[in-house]
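**Student:** Give the three-dimensional model of this entry:
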Amino acid sequence: MSTLKKVQVVMLPTNEKANLFIDKNQLLYFPDHKRSYVEWKDVQYQHLYFLSNEEIKEGDWVYNSISKEIYQFKENHVDYENKIIATTDSSLKIHPMQMNTPHYDYLPEPSQSFLEVYVREYNRGHQIKEVQVEYEEHLEFSDNTQGRQAIINLEKDWYRLKVNPKDNTITIKRVKESWNREEVIELLDKISDDCFYQEGSGFDFSKWVEQNL
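**Tutor:** Numbering: from 1, shown residues only. Below is the predicted model of the structure:
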């Protein structure tokens with residue numbers, strides 16, 4: 001089973017070369033396989049960062065919305081820090097198993113098709129600031145005296161970011177603004193399940209709505 005969660009999208013300048021850059025007020029995107037054919041000067045390179053309000057743990061990369069800084073979290077989380085779940089910045093190194101990316105040592109990234117859409121919308125005067133990202137159901141396992149049992153992690157959430165192992169990309173969709181009858185029924189069924197599995201662990205309805213609608 002999978003679900004969609006709403007996340008923020010932030011574009012920040014970088015001093016390092018990147019596939020995204022602003023030239024004469026136009027945002028341009030050149031994939032790696034095309035970059036060698038063009039020399040660009042006097043441009044401002046950019047990176048995209050996808051921010052989630054999910055729990056932040058030691059070693060996670062975070063974005064500070066006050067200082068506009070990016071760093072690895074150590075302690076004393078504050079409200080204006082958000083976890084970076086994906087980015088075009090491959091310098092943000094992680095442990096391969098930290099984000100369900102066993103074959104990569106950097107954070108997941110958006111697909112080329114999304115970057116093309118982002119650039120097109122930006123140049124039309126509409127900067128994409130929110131998207132929905134796909135998460136998949138995740139079971140944790142533990143051993144006890146009665147054998148190996150599958151248990152659902154009830155601490156915060158029992159979904160994890162869905163990452164394509166072939167290219168380390170995430171699945172991104174536009175934020176929905178309307179629902180048909182079948183979709184409403186599906187949402188009601190999902191919230192019923194989430195309430196049941198998180199009973200006694202402080203289920204937050206407002207947070208659920210923020211992440212799912």
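**Student:** now the strands for this structure?
**Tutor:** Remark: strands assigned in the chain by DSSP state E are 2-13, 20-23, 26-29, 44-52, 61-64, 69-72, 81-87, 130-137, 140-144, 147-151, 159-161, 163-164, 169-170, 172-173.
**Student:** Out of these, which gets nearest to residue 188?
**Tutor:** Distance to residue 188, taken as Cβ to Cβ, is lowest for strand 2-13 among the strands of the chain, at 13.7 Å. Backbone N, C-alpha and C define where each C-beta goes, glycine included.
**Student:** and the closest one, what other elements does it pack with?
**Tutor:** Using 3 or more Cβ pairs under 8 Å, 6 or more residues apart in numbering; DSSP states H and E as the contact test, the elements touching strand 2-13 are strand 44-52, strand 130-137, strand 159-161, helix 205-212.
**Student:** got the contact list for the first one?
**Tutor:** This means strand 44-52. 5, 7-18, 20-23, 27, 63, 70, 82-89, 110, 115, 118, 131, 133, 170 (Cβ atoms under 8 Å, 6 or more residues apart in numbering).
**Student:** Buried by neighbour count: which residues of it qualify?
**Tutor:** By neighbour count on 16 or more other Cβ atoms under 10 Å, the buried set for strand 44-52 is 46-52.
**Student:** Within the sheet, what are the partner strands of it, with directions?
**Tutor:** The partner list of strand 44-52 in its sheet, established with DSSP bridges, is strand 2-13 (antiparallel), strand 20-23 (antiparallel), strand 81-87 (antiparallel).
**Student:** now the end-to-end length of stretch 54-66.
**Tutor:** 18 Å (Cα to Cα, to the nearest Å).
**Student:** Which positions in it come out as buried?
**Tutor:** Quick answer for stretch 54-66 (16+ other Cβ under 10 Å): 54, 56, 60-63.
**Student:** what does stretch 23-30 give?
**Tutor:** By 16+ other Cβ under 10 Å, the buried positions in stretch 23-30 come out as 27-29.
**Student:** Next, format the residues you listed as JSON lines and append pLDDT and distance to residue 160.
**Tutor:** Output for the buried residues of stretch 23-30, formatted as JSON lines (pLDDT from 0 to 100; distance: Cβ to Cβ, whole Å):
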{"residue": "27", "pLDDT": "96", "distance to residue 160": "31"}
{"residue": "28", "pLDDT": "93", "distance to residue 160": "33"}
{"residue": "29", "pLDDT": "93", "distance to residue 160": "28"}
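**Student:** Tell me the one of the residues you listed nearest residue 158?
**Tutor:** residue 29 (35.3 Å).
**Student:** gap between that closest one and residue 3?
**Tutor:** According to Cβ to Cβ, to the nearest Å, residue 29 stands 29 Å off from residue 3.
**Student:** Residue 87 now?
**Tutor:** For residue 87, the distance to residue 3 - Cβ to Cβ - is 22 Å.
**Student:** So between these two, which is more surrounded?
**Tutor:** residue 87 (23 against 18; other Cβ atoms under 10 Å).
**Student:** Distance of the closest residue to the more buried one other than its chain neighbours relative to residue 129?
**Tutor:** Distance criterion Cβ to Cβ, 6 or more residues apart in numbering; nearest residue to residue 87, sequence neighbours excluded, is residue 49 at 4.8 Å. Plainly put, residue 49 is 12 Å away from residue 129 if you go by Cβ to Cβ.
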